[in-house]
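Undergrad: Got a predicted structure here, sequence first:
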Amino acid sequence: MRDYLLLYVNSTRYEIRGARAYQSLTDLLRYDLALTGTKVVCAEGDCGSCTVLIGRPENGAIRYQGIDGCIQYLWQLDGRHVVTVEGLKENGRLHPAQEAMVESFGSQCGYCTPGFVMALAAMLEEGTPLTRQGIKDGLTGNLCRCTGYEQIIDAALSLKGKSVTRSAERYHNPQMLAELEACAQDSVEIAYRESWGREFRNIRISIPATVADAVAFKAKHEKTVVVSGGTDLSVQMNKGKVEPDTLLSLVHLRELEGVSENDDWLTIGAKATWTDVEHAGSESLLEFRKIIQVFASPQIKNAGTLAGNIGNGSPIADSMPFLYVMEAEVELTGPSGSRWVNLNRFYHGYKQLELRPDELITTLRFQLPETNETLKLYKVSKRKDLDISNFTAGIRMTLDGERITQPRLAYGGVGPVVLRLPKTERFLSGKLLTRDTIQKAGKLARREITPISDVRASEDYRLQLAENILLKFYHEVRQEQGWPQPNTLSA
Amino acid sequence: MKAVGQNIPHDSAVGHVTGEALYVDDLPPTQGEVLVDAIASPIAHGKLLGNNFDELRELPGIVGLYTVSDLPGHNRFGVIIPDECFLPEDVVEYVGQPIAVVAAENRRALRKAKQLAKLEIEELPPVFTIEEAIAARQFIGPTRTIQCGDFEAAWNEAEHRLEGVFHCNGQEQFYLESQAALVWPNEEGQILIHSSTQNPTEIQQVVAEALGLNFHDVISVCKRMGGGFGGKETQAAIPAVMAALVVRHTGRSARVAYTKDDDMRSTGKRHPFKIFYKAAFTAEGRITGVEFDLYSNGGAAADLSTSIMERALLHSDNAYHLPNACFRGTVCKTNLPPNTAFRGFGGPQGMANIENVVQEIAITLGRDAYEIRRLNCYDHGLRNTTPYGQVVQHHILPEILDRLEETSNYQERLQEIETFNRTSATELRGLALTPVKFGISFTTRFLNQGNALVNLYKDGTVQVSTGGTEMGQGLNTKIRQVVADELGIGYEQVRVMITSTEKNNNASPTAASAGTDLNGMAAANACRAIRERLAEFAAQHLSDAENGCAAESSCIHFGDGRVWDERRPNASIAFAELVKLAYLERISLGERGFYRTPGVDFNRDTGQGHPFFYYTTGAAVSEVRLDRFTGHLTLERADLLMDIGESINPGIDLGQTIGGFIQGVGWVTNEELRYSNKGDLLSYSPTTYKIPNIQDIPDTFRVDYLQNPNHQVNVRRSKAIGEPPLMLCLSVWMAVKHALSCVKPGAIPKLRLPATGEKILRCLTELDGSTSRTEEEIPLIAPSPLTTEPEPKRAAA
């Protein structure tokens, strides 16, 4: 048991104690360590200016991934090696990503540039293909207001075939590796009293080494805030909306990390990141992967976890329509063991979960779709990539010729929780997939949902999408099945 | 080798990529520094009645809390109309308006003070929209008019007529570095300000005025900005004054750095416009007359709104000859943060309107819009006088259009797209080719001046300082190149130094795309004076009177780091060597250069004159794809072609072209400012305000330039490039309108700008006739008490 966090930043080892553990990585870098190359713009993981490399031990070496430093609090980084833009140069020589950005006019005002450089470095670490699309995918999480991105793409393209010293080599240090590996076996408790004038509060940060310890801590401390990837919680904290006293970080629970496929079942550990899920092999997940591809940036996907997504309970969580129509089940583990709950019954209301105070979400599983099933997922957002949805949908059915069996429909963004549409499903069951049926189903679907107008979209737009998405589905299926396309202009 | 014309990397590129380039908030704290923030108004319009500031002052970690009564100097500012308060006296006029300035020892105390602040405000009726302001007759400045010919006659005689209302919304600058200032106390009450500003001179002046100091007591410097785009032309003032006020009261250095959220909520943006238009045209599509009534949403104070309206009026012709035209412009006063400069400065709104009119003429006549554009484009004959009387000279607009039509395969693609639209059940595609003609110069005559300081050191290296600021546009790099060539040395020998009012006084803002034009010429003028002195000295040094080669400074040449007499080129001397000798001979090795743009003059009252030194022009073709079910828009291809004169730095100019275009694409597509019905901006961070992402750039993206041998003026015969490419984005919006116009031939799609997926779908649904939606927005802003929009009062022609 340690009472401090251990992390390396570039070449330096740090032990972080007491109140200094209660801050974001970027605050540590900019204010405590005077490493101001890392910029903070939005403080919510949407611009990537704060991108750094986070290294963690994996199979006897350190694996580095790009993440948004502004939404990583230090309790998520125990046992990690952080490489910042200042740590990229080697012996005074620019890193190839830096050189390429200089030569290709990849920077204008320069404020987003350290973030882009680090995202490029992360791509080189991970071996992301340097095709135009590969580059765009690798840089989705970085906003630039000056360049219009083309010259940044040029810079990335020019890196093709360049030899790069990876961080694992650049920072090769067996002692660091051993120390970081040992960290994960260890648990951490940091407790201190913070006072401000006459006010005070007791802060407790716990990083358990086992699920059992985690559950025990949660059972003991009411109002524990559980941190998995922290991609939402950290935003709330940065914006001053929440300031938890008791934090439980799951950073050491490696037992919850895997993704496995067995007997047509996919089992995903609660700590598996979206990057892990995206790379899970199965062909039948292609449609889901398309959603994962656009809904978040590499930096977010490297940090955010499926359990976080489920536990956060957002009515617009992009994974939900899929998991709903797949009848996915979550495993909830408490002091007396675990139970499985169908996700369709997990949400009782807006952010109201079927989760007891002493339980943790530990696993998610679902049966992979059969090859003869039709499954389509939709995400409608203002901007295609890295944008919270206006509306999402999952449509799953088996088509026997044109006859619909076992239809399952789930819509997101149209109510306090993601909704299944039982009436529409019953209506469609056994019907032929015709334009008329689909239009009627659309009218029915409209009546099963209760969208609101907000900053992203109006109620009206969402209602219209609820209808239109079925038509889109209809046209896409007809096209894929090779059935003749009706002409909408006359239809 | 000449430096001008070369692809020399941005002079801070290495600093950018290593993180070593410092911005205001990266500067290390000095001993005793305090942190500063504002307590801002949560109410859009209200009377200040009370507060708990005395309690807040007692909170641990709070160093001070200041209101308007603590301001030693005067409280009004505004470059055109001084109607804005640094801190409100009794009435708040927009959400986010700073009411009090808090200084704290640490961030935690600052945050606490903001959270615990209690304000008692009596709400007054707010005005948010142009419609509401027109109804309340709340305007800023007088209505301006530019006219030519006789519109009424043209309208009465017209073969075809069109009228309607065009709406375009605002846009957040979204510079990545938020507003920031760091102020240090100097001796005897003087102060030094590091500000992220496009206008250090104005910061110097407003801070001096607010603190009751003379201008010479204040030094204002700016090393660089993390983006400006117009948003730091005037609006860096309030944060600078906030920090300066704290320095004045505490004697300690003070730092303010807005969060992105606070910045977006409290600062001004591109102006929304509402334009009532009438157009008369022939069956062939020739425009015979137009009448445009422009209304902009100026926000709560004048800021630059009247100048922005002026530029909107001056660009309401875009590239088209309008024999009879009447443009009127009125700025509305509302309870939003004062809207301000943003790349294009009214030009985009003025141009968007006429382009929309042309598109609708095409739909009305059942013709291709490009045909109408080409037909009405300024030519080289008699159809080249603007409504404000300036003749469009030395231009190649028709050539640009013809070339682009050909290189983009416009006609073939148009055929293919229209066929596609007749058959596709799932998608619609659209294509549009639009021109841009953007006038270069400040329309306020006196701003067209610049000064530069060139210091030559004994080793032959040079430091240049100008009043221009670097915000990413590459000004410093271009100045470096111009100076290197003037002195015939390598660009590595030249450094461009921090911008400071101490070195360059009374500078104009770095704006109107004129940064390089004004400061580059001033620097070149300084270099020429130094070169003349050096040439005179070199003539002596290199002369050989015995062999008939008398000292003659006109024979002296500078190049490649050497200096020689053309009559004896082999007897050259290294530039650095010459400089050292010149120093010993007590020859001045420094110079202040000055430049004023020749010939520009515009009479605001008559609306006539010669406001622009020249025009930067170009055109773009964009192709879009729309999802018929969701309204989702994809920009598939864009071809840009511009006349930018002789480029000083092609790599930088390419970045300006692409960056400007994509920024414009954001404005016309997905960047949507949404407010609550209390005037509180809801889309205040990148989570809800969606600027273009790397995935939004078109898969096929071609950029090219066309030589213009007729352009002979300006620094090294270059052209300003900062703003003009932004307006190439109008091709994207027009392509959307084209796609929508294919749904029901002859029907004019009622599309607003920006064309978000929601608005596109609304248009599609309307055109399909499958819903009963009204054409009006469903705004978040509460409906005004008026159920119908009032018609603007039209002046008699």
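TA: The structure has been received and is ready for your questions. Residues are numbered from 1 along each chain as shown, chains lettered A, B, ... in the order given.

Undergrad: Which stretches in the stretch 101-250 of chain A count as strands?
TA: A:188-196, A:199-207, A:225-227, A:246-249 (DSSP state E, counting those that start in this stretch).

Undergrad: mind checking which of the ones you listed is nearest chain B?
TA: Set against chain B and scored by Cβ to the nearest Cβ, the strands of the stretch 101-250 of chain A come closest in strand A:188-196, at 6.0 Å. (Glycine included, C-beta is placed from N, CA and C.)

Undergrad: Does that closest one reach chain B?
TA: Yes: residues of strand A:188-196 contacting chain B under Cβ under 8 Å from any Cβ of the partner chain: residue A:196.

Undergrad: Please work out which residue of the stretch 301-450 of chain B is closest to chain A.
TA: residue B:425 (4.1 Å).

Undergrad: Neighbours of residue B:446, how many?
TA: 9 (other Cβ atoms under 10 Å in any protein chain shown).

Undergrad: if I've got this straight, it is in a helix?
TA: Yes: judged by DSSP: H, G, I helix; E, B strand; the rest coil, residue B:446 forms part of a helix.

Undergrad: which regions of the chain lie under the pLDDT threshold?
TA: Since no chain was named, I'll use chain A. A:281, A:485-491 (pLDDT under 70).

Undergrad: I was after chain B.
TA: B:770-797.

Undergrad: Which residue does it have closest to chain A?
TA: Nearest to chain A, among the residues of chain B, is residue B:19, at 1.9 Å (Cβ to the nearest Cβ).

Undergrad: pretty sure that residue is touching residue A:84, no?
TA: Yes: if you go by Cβ atoms under 8 Å, residue B:19 and residue A:84 touch, sitting 7.4 Å apart.

Undergrad: If you drop the residues flanking it in sequence, what lies closest to residue 1?
TA: Went with chain A since none was named. Spatial nearest neighbour of residue A:1, chain neighbours left out: residue A:187 (5.5 Å); criterion: Cβ to Cβ, 6 or more residues apart in numbering or on different chains.

Undergrad: that's the wrong chain, I wanted chain B
TA: Nearest residue to residue B:1 in three dimensions, chain neighbours excluded: residue B:560, at 7.0 Å (Cβ to Cβ, 6+ apart).

Undergrad: Next: residue B:197.
TA: Leaving aside its chain neighbours, residue B:197 sits nearest to residue B:236 (3.7 Å; criterion: Cβ to Cβ, 6+ apart).

Undergrad: now swap in residue A:104 and tell me
TA: residue A:155 (3.8 Å).

Undergrad: mind putting the strands of the stretch 101-250 of chain A in TSV, mean neighbour count included?
TA: Listed next are those as TSV, based on neighbours: other Cβ atoms under 10 Å in any protein chain shown:
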stretch	mean neighbour count
strand A:188-196	15
strand A:199-207	17
strand A:225-227	21
strand A:246-249	23
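
Undergrad: Contact partners for residue B:697?
TA: Neighbouring residues of residue B:697 by Cβ atoms under 8 Å, 6 or more residues apart in numbering or on different chains: A:148, A:149, A:150, B:635, B:662.

Undergrad: just the buried members of those residues?
TA: Among those, those classed as buried by 16 or more other Cβ atoms under 10 Å in any protein chain shown are A:148, A:149, A:150, B:635, B:662.

Undergrad: tell me which of those residues is nearest to residue A:114?
TA: In terms of Cβ to Cβ, no member of these lies closer to residue A:114 than residue A:149, at 16.3 Å.

Undergrad: Which residue, other than its chain neighbours, is closest to residue B:223?
TA: The nearest residue in space to residue B:223 (Cβ to Cβ, 6+ apart) is residue B:498, at 4.7 Å.

Undergrad: Test my guess that the one you found contacts residue B:200.
TA: No: Residue B:498 is not in contact with residue B:200 according to Cβ under 8 Å; the separation is 9.7 Å.

Undergrad: So for those two, which sits in the more crowded spot?
TA: residue B:200 (30 against 16).

Undergrad: I figured residue A:317 hits residue A:309, correct?
TA: Yes: with contact defined as Cβ under 8 Å, residue A:317 and residue A:309 form a contacting pair (5.2 Å).

Undergrad: So for those two, which sits in the more crowded spot?
TA: residue A:309 (26 against 23).

Undergrad: Helix or strand: which one has residue A:97?
TA: helix A:96-103 (DSSP states H and E).

Undergrad: helix or strand right after the helix or strand containing residue B:358?
TA: Residue B:358 is part of helix B:347-365 when elements are defined by DSSP H and E. The first helix or strand that comes after helix B:347-365 along the chain, using DSSP H and E, is helix B:369-376.

Undergrad: Past that next one, which element shows up next along the chain?
TA: Counting by DSSP H and E, what follows helix B:369-376 is helix B:397-407.

Undergrad: residues in contact with that next one?
TA: Here helix B:397-407 makes contact (Cβ under 8 Å, 6+ apart) with B:319, B:370, B:373-374, B:377-380, B:410-411, B:433, B:435, B:437, B:617-621, B:639, B:641-643, B:702, B:704, B:706.

Undergrad: Kindly identify which of those residues also come near chain A.
TA: Checked against chain A using Cβ under 8 Å from any Cβ, the contacts of helix B:397-407 yield no neighbours at all.

Undergrad: Contacts only, for whichever residue of chain A sits closest to chain B.
TA: Closest contact between chain A and chain B, by Cβ to the nearest Cβ, is at residue A:37 (1.9 Å). By Cβ under 8 Å, 6+ apart, residue A:37 lies in contact with A:84, A:85, A:86, A:114, B:18, B:19, B:20.

Undergrad: what about the first one, neighbour count?
TA: Read that as residue A:84. Residue A:84: 24 surrounding residues under other Cβ under 10 Å.

Undergrad: ok, it touching residue A:12?
TA: No: using Cβ under 8 Å, residue A:84 makes no contact with residue A:12, being 10.9 Å away.

Undergrad: quick one: the residue of the stretch 301-450 of chain B closest to chain A from residue A:442, how far?
TA: Distance, residue B:425 to residue A:442, using Cβ to Cβ, to the nearest Å: 16 Å.

Undergrad: Please apply the same query to residue A:203.
TA: Counting by Cβ to Cβ, the gap from residue A:203 to residue A:442 is 52 Å.

Undergrad: Repeat that for residue B:463.
TA: 69 Å.

Undergrad: Show the end-to-end separation of stretch B:122-138, please.
TA: Stretch B:122-138 has an end-to-end distance of 21 Å (Cα to Cα, to the nearest Å).

Undergrad: Phi and psi next, for the residue most central in space within chain B.
TA: The centroid of chain B falls nearest to residue B:343 when counting by Cα atoms, centre = their mean (2.2 Å). The phi and psi values for residue B:343, taken as degrees, to the nearest 10, are phi 0, psi 110.

Undergrad: Run through the residues that contact it.
TA: Residues near residue B:343 by Cβ under 8 Å, 6+ apart: B:173, B:229, B:230, B:660, B:663, B:722, B:723, B:726.

Undergrad: just checking: which of these also lie near chain A?
TA: Restricting the contacts of residue B:343 to those near chain A by Cβ under 8 Å from any Cβ leaves B:173, B:229, B:660, B:663.

Undergrad: Counting neighbours, which of the residues you listed comes out on top?
TA: residue B:229 (31 neighbours).

Undergrad: How about the contacts made by it?
TA: Residues in contact with residue B:229, defined by Cβ under 8 Å, 6+ apart, are A:145, B:173, B:174, B:175, B:342, B:343, B:471, B:663.

Undergrad: what does residue B:313 give?
TA: Going by Cβ under 8 Å, 6+ apart, residue B:313 touches B:144, B:146, B:294, B:327, B:328, B:329, B:346, B:350, B:607.
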